[in-house]
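Asks: heads up, no residue letters with this:
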């Protein structure tokens, strides 16, 4: 039991770090923020991990990226939005079975729901932070583009990694 808890802690910390780095490494400016590759990792780890681990890794990894790259006003909204995003994806993807499948419609629906949460969450947060509905709405094209590329990247990466022993080890964490 201690070994499994240690594995969960280790994999959760690695996932958090991967999300932070993927979010930080390439940032393409959009109104009020930036597009990034962190969503590829959020989708991947929510696909692999149980909901509580996906919630933590997505929220903390993304919020750390905002802290480290000069977007401190977004730390709290990001923590909330990305935590909810990771949790929701994992719950939907693993609804029928603890071991997810890329071919399952639940994986696509979970990914779509997660990206929808991200777009809606940041649009609302932008309206609140900047006190203007138009400012919040100005993010939608960039966030939608980021979400589409995130889903494509997730499917490509997950397909490439699906036969590796590490992914099988991740799936055993449920």
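Replies: The structure has been received and is ready for your questions. Values in this document were obtained by computation on a predicted structure and should not be read as measured data. Residues are numbered from 1 along each chain as shown.

Asks: Who are the contact partners of the closest residue to residue 57 other than its chain neighbours?
Replies: With sequence-adjacent residues excluded and distances taken as Cβ to Cβ, 6 or more residues apart in numbering, residue 57 is closest to residue 15, at 3.8 Å. Using the backbone N, CA and C atoms, a C-beta is placed for each residue, glycine as well. The contact partners of residue 15, taken as Cβ atoms under 8 Å, 6 or more residues apart in numbering, are 41, 45, 49, 53, 57, 61.

Asks: Was I right to think the first one contacts residue 18?
Replies: Yes - Residue 41 lies in contact with residue 18 (Cβ atoms under 8 Å); the separation is 5.0 Å.

Asks: what residues are shared contacts of these two?
Replies: Common neighbours of residue 41 and residue 18, using Cβ under 8 Å, 6+ apart, are residue 61.

Asks: Of those two, which one has the most company?
Replies: residue 41 (28 against 18; other Cβ atoms under 10 Å).

Asks: Can you classify the more buried one by secondary structure?
Replies: helix (DSSP: H, G, I helix; E, B strand; the rest coil).

Asks: so what's it up against?
Replies: 15, 18, 19, 22, 23, 61.

Asks: And the furthest pair within these?
Replies: 15 and 23 (12.4 Å; Cβ to Cβ).

Asks: Quick check: neighbours shared by the two?
Replies: 41, 61.

Asks: Just the pLDDT at the most centrally placed residue in the chain, thanks.
Replies: By Cα atoms, centre = their mean, the chain has its centre lying nearest to residue 42, at 2.6 Å. At residue 42, the model reports a pLDDT of 98.

Asks: any chance you could map the strands in this structure?
Replies: Residue ranges of the strands in the chain, as given by DSSP state E, are 28-30, 33-35.

Asks: helices or strands next to the last one in the packing?
Replies: Using 3 or more Cβ pairs under 8 Å, 6 or more residues apart in numbering; DSSP states H and E as the contact criterion, the neighbours of strand 33-35 among helices and strands are strand 28-30, helix 140-161.

Asks: most packed of these?
Replies: helix 140-161 (a mean of 17; mean count of other Cβ atoms under 10 Å).
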